[in-house]
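Colleague: sharing a model prediction with you, sequence too.
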Amino acid sequence: MPTRDYPLEKIRNFGIIAHIDAGKTTTSERILYYTGSQHKIGEVHDGGTTTDWMEQEKERGITITAAAITCFWSRTDEADKKDISKKYRFNIIDTPGHIDFTVEVKRSMRVLDGAVCVFDGVAGVEPQSETNWRYADEANVPRVCFINKLDRTGASFEKSYASILDRLTKNAVRMQIPIGAEDVFEGIIDLLTLKAYKNEGAMGDNVVEMPVPENMMDEAKKFRAELIEKIVENDEQMMTDYLDGKEPTLEALKATLRKAVIANKIFPVYVGSALKNKGVQLVLDAVVDYLPSPVDMPPIVGVDPRTGEPTTRHATDSDPFCALAFKLQADPFVGQLTFFRVYSGTVEAGSYIYNSTTGQKERLGRIVRLQANEREEVKKVYAGEIAAAVGLKDTKTSHTLCDEANPIQLEQIKFPEPVISLRIEPKTKADQEKMGMAMKKLADEDPTFKVSTDTETMETLISGMGELHLEILVDRMKREFGVEANVGTPQVAYRETIMQEAEAEGKYIKQTGGKGQYGHVRLRIKPLEPVNPDKKLAKNVTREDHFEFINNIKGGVIPQEFISPVEKGVREAMERGVVAGFRMVDISVELYDGSYHDVDSSEIAFKIAASMGFQEATKSARPVLLEPIMKVEVVVPEKFMGDITGSLSGKRGAIEGMEERGLARAIKAKVPLSEMFGYTTQIRSMTEGRGSFTMEFDHYEVVPPNVAATIVAGRK
């Protein structure tokens, strides 16, 4: 029988998260090299990295899919590096930094115990850094910060550190400071031990201790005092002793800091340059010292599907088996891989597991551990591990896998709604069938990719998070599934809503020779406040379409069995909209009166009556179109600022602010998505190819009447 090869206390499950181009994949490559998992360092610019293994990633030099890697590390101060008992096992997920692939970060945060947040030493906190930080906050994930690229021209540790304090958290604290910057960045001072380090050797393999430069000693002591104050705040006894002039021991400081990091009360900040092989090993030591093992995390809470009562599982092999499937991936060699995180218990290859989300049993054929796109087969996985299953047919992202005798259902992962659509059609008859299969597989893999049919034109629509997202999915259809397709122009996912209250009645009466149809309802509708992602919703309100249905029928004027069809009729009418046929959101509907016929009333009659009544009411409730507004950040050299602000204003954009980013300037604005198509080409021509921009969905806003008239005319 296989036994656990690593104790739970020595496992670290963490992700590497950052804005695009901050150096996540380069950092991951250094980690793989220093942990001995590979013998040469791959570089993003020449397409040789381990974690960016897809063709599309190599061509574009960006990460598209989260890659899972397993490696082993013993601390830099351990004398015997080969001693297996001193090693820690790292399960790492390298995530994308582009907003279009934000689903990968969101689901990874859900199953990881910690994260290393990488920041560009020139730019500091960037838009996607904020989004990823928010996802980590939602999942309560402890973090270590790594300010990377300090060798670049314009790099400033203090500015980047200030941007973390200003835009992410006041609880970040310097653990290190750099010796020199830009081309003279040569070493790192560790504030806790007051020691300096530099990397030597061709690949920075050797971390060499050296004395702290005399001209920096005063600065180092000042920052060390700040760090110690921040640590002792988390322990009353330590605080009292410190105020009495007794400095805690290094061990006591580290132990208290570890507790504070795990409780998300402190976020330690480290420095370095992954590309120049500086500082990465010290970050790995920090992962060991301060990020939690599965044992340090609170027990996972779910519900018992039989009773609906809350139930918990502890991170031990002896508890009943419980795991969350968080990602599907089509593998050309073994078929579909289902990534899962084991929270408790163990599972063996060849055994049957119970999917409590679907209520089905499935046979777990093989289990593999992943090294990006390479696989290592294992017989058994234990609590706290991340692995992938081969051969699960009906398990999808967010499903709970567990022991049938002790079922548990974990909370599902919530994914953002797509904001952009494309019309797509197969080039030939032969492509038609293949396209349906390809789209199903891709939609299973990526919950932010949706496939639908336009009911009026019967055309197929694919929807996603951005132009790049859909471009890559169409490219994958061609390469992985051999599907040639014609693609239409991008379309915005508009929505509709109402601006005031209204009432109407819906009556559906049909007399035929035999039994007739009779349904009669009176509805009152009113606008709901737009959904706020930070606020919990009332029990009967769904986040997706933000719709509320209130049953206010008194005295049985409509029998109970017809109430549900009324809600269904309203929902169907909302799908069709009244202004331009887009889905309606942010509406509260109250059913307050109506009547029925003993013989002729039926579910279908009430469904049709409700649909008619709702459409009648919305026409007099000032219906309007809503459009997605994007948070846009454009980074350009200073001399192009005027052109860029002018172009954004011309796109109905609202400029919100500007700031320095090294030698460049960052302009922040809120701009309608419909105006941003093809902006990459425009910005390149306006800035001699030196400008770049990022955007992510922010909120929906009412479309101005003149623009709305054009959209409605286009739909007709």
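Modeller: Sure, I can see it. Predicted model only: the values in this text are computed from it and were never measured.

Colleague: pLDDT on stretch 610-623, on average?
Modeller: For stretch 610-623, mean pLDDT rounds to 93.

Colleague: return the distance of that stretch from the chain's centre.
Modeller: 37 Å (C-alpha atoms, centre = their mean, to the nearest Å).

Colleague: switch to numbering from 55
Modeller: Done: numbering now begins at 55, and the last item shifts to stretch 664-677.

Colleague: that stretch: which residues count as buried?
Modeller: Of the residues in stretch 664-677, those buried by neighbour count under the rule 16 or more other C-beta atoms under 10 Å are 664-672, 675, 677. The way it works is simple: take the backbone N, C-alpha and C, and place the C-beta from them, glycine included.

Colleague: could you do stretch 379-387 as well?
Modeller: Neighbour-count burial for stretch 379-387 [16+ other C-beta under 10 Å]: 379-384.

Colleague: what's the most distant pair in these?
Modeller: Put simply, by C-beta to C-beta the two of the buried residues of stretch 379-387 set farthest apart are 380 and 384, 15.8 Å from each other.

Colleague: dump the buried residues of stretch 664-677 to JSON lines, plus distance to residue 517 and secondary structure.
Modeller: As requested, the buried residues of stretch 664-677 are exported to JSON lines (distance: C-beta to C-beta, whole Å; DSSP: H, G, I helix; E, B strand; the rest coil):
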{"residue": "664", "distance to residue 517": "27", "secondary structure": "helix"}
{"residue": "665", "distance to residue 517": "25", "secondary structure": "helix"}
{"residue": "666", "distance to residue 517": "29", "secondary structure": "helix"}
{"residue": "667", "distance to residue 517": "30", "secondary structure": "helix"}
{"residue": "668", "distance to residue 517": "25", "secondary structure": "helix"}
{"residue": "669", "distance to residue 517": "25", "secondary structure": "helix"}
{"residue": "670", "distance to residue 517": "30", "secondary structure": "helix"}
{"residue": "671", "distance to residue 517": "28", "secondary structure": "helix"}
{"residue": "672", "distance to residue 517": "24", "secondary structure": "helix"}
{"residue": "675", "distance to residue 517": "27", "secondary structure": "coil"}
{"residue": "677", "distance to residue 517": "23", "secondary structure": "strand"}
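
Colleague: can you lay out these as a markdown table showing distance to residue 239?
Modeller: Converted to a markdown table, the buried residues of stretch 664-677 look like this (distance: C-beta to C-beta, whole Å):
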| residue | distance to residue 239 |
| --- | --- |
| 664 | 67 |
| 665 | 66 |
| 666 | 70 |
| 667 | 69 |
| 668 | 64 |
| 669 | 65 |
| 670 | 69 |
| 671 | 66 |
| 672 | 62 |
| 675 | 62 |
| 677 | 59 |
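
Colleague: quick one, grab the pLDDT at residue 100.
Modeller: For residue 100, the pLDDT comes out at 46.

Colleague: now the helices for the stretch 455-604 of the chain?
Modeller: Residue ranges of the helices in the stretch 455-604 of the chain, as given by DSSP state H, counting those that start in this stretch, are 483-499, 521-535.

Colleague: any idea which of those is most buried?
Modeller: A comparison of those by mean neighbour count, using mean count of other C-beta atoms under 10 Å, puts helix 521-535 on top with a mean of 18.

Colleague: what packs against that one?
Modeller: With contacts defined as 3 or more C-beta pairs under 8 Å, 6 or more residues apart in numbering; DSSP states H and E, the secondary structure elements packing on helix 521-535 are helix 109-114, strand 474-480, helix 483-499, strand 514-518, strand 539-541.

Colleague: OK, contacts around the residue sitting nearest the centre point of the chain?
Modeller: Nearest to the mean C-alpha position of the chain, by C-alpha atoms, centre = their mean, lies residue 160 at 2.1 Å. Residues counted as contacts of residue 160 (C-beta atoms under 8 Å, 6 or more residues apart in numbering) are 189, 467-470.

Colleague: going by neighbour count, which of the residues you listed are buried?
Modeller: Of those, these count as buried by 16+ other C-beta under 10 Å: 189, 467, 469-470.

Colleague: related to what we said a few turns ago, which one of the buried residues of stretch 664-677 is nearest to residue 129?
Modeller: For residue 129, the nearest member of these is residue 677. The distance, counting by C-beta to C-beta, is 63.2 Å.

Colleague: am I right that residue 687 sits in a helix?
Modeller: No. The secondary structure assignment for residue 687 gives strand rather than a helix, going by DSSP: H, G, I helix; E, B strand; the rest coil.

Colleague: any idea how far residue 369 lies from residue 612?
Modeller: When C-beta to C-beta, to the nearest Å is the yardstick, residue 369 and residue 612 sit 51 Å from each other.

Colleague: let me redo that: residue 768
Modeller: For residue 768, the distance to residue 612 under the criterion C-beta to C-beta works out to 40 Å.

Colleague: which residues does the residue nearest to residue 89 when sequence neighbours are not counted bridge with?
Modeller: Spatially, and ignoring its direct neighbours in sequence, residue 89 is nearest to residue 125 (3.8 Å; C-beta to C-beta, 6 or more residues apart in numbering). Using DSSP bridges, the beta-bridge partners of residue 125 come out as residue 144.

Colleague: quick check: residue 125 touching residue 86?
Modeller: Yes. Taking C-beta atoms under 8 Å as the definition, residue 125 is a contact partner of residue 86 at 6.1 Å.

Colleague: show me which of those two is the more surrounded one.
Modeller: When residue 125 is set against residue 86 and neighbours are counted by other C-beta atoms under 10 Å, the residue ahead is residue 86, at 25 against 21.
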